[in-house]
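[1] Could you look at this predicted model? Sequence included:
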Amino acid sequence: MDERTLGMLIVGLGVTTVVIGLLIASGSLSWFGRLPGDLRFGTANTRVYVPLTSMLLVSVLLSVVASLIRRL
């Protein structure tokens, strides 16, 4: 990987981070973490949160991104 490709990759990751940050700040991703497979248990003093579906979605998205980067 040459310097130009690495630079474009870093810029792309930065832009993606900013876009995700703006989506979170605007409330557009408020559904994330509240998907049907995310488990929540709680008592009066304790709360347990297990985001199974949300983390599965993140894993699939990261796998797709890694696959696209490998093809470059």
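    On my side now, so go ahead.
[2] Just the element for the residue most central in space within the chain, please.
    With distances taken as Cα atoms, centre = their mean, V58 lies nearest the centre of the chain, 4.8 Å away. In this assignment (DSSP states H and E), V58 forms part of helix 52-71.
[3] pLDDT averaged over that helix - what is it?
    Averaging pLDDT along helix 52-71 gives 90.
[4] If you count neighbours, what's buried in that helix?
    T53, S54 (16 or more other Cβ atoms under 10 Å). (Each C-beta comes from the backbone N, C-alpha and C, glycine too.)
[5] What pLDDT is listed against the most far-flung residue of the chain relative to its centre?
    No residue in the chain sits farther from the centre than A44, which is 30.8 Å out by Cα atoms, centre = their mean. Model confidence at A44, given as pLDDT, is 90.
[6] Tell me the secondary structure at it.
    Three-state assignment for A44 (DSSP: H, G, I helix; E, B strand; the rest coil): coil.
[7] Contact partners for it?
    By Cβ atoms under 8 Å, 6 or more residues apart in numbering, no residues touch A44.
[8] next one: the one 10 residues further on
    When the contact criterion is Cβ under 8 Å, 6+ apart, the partners of S54 are F32, G33, L35, D38.
[9] Next, work out how far apart the residue nearest to the centre of the chain and G42 are.
    When distance is defined by Cβ to Cβ, to the nearest Å, V58 is 23 Å away from G42.
[10] Over to S67?
    If you go by Cβ to Cβ, the gap between S67 and G42 works out to 38 Å.
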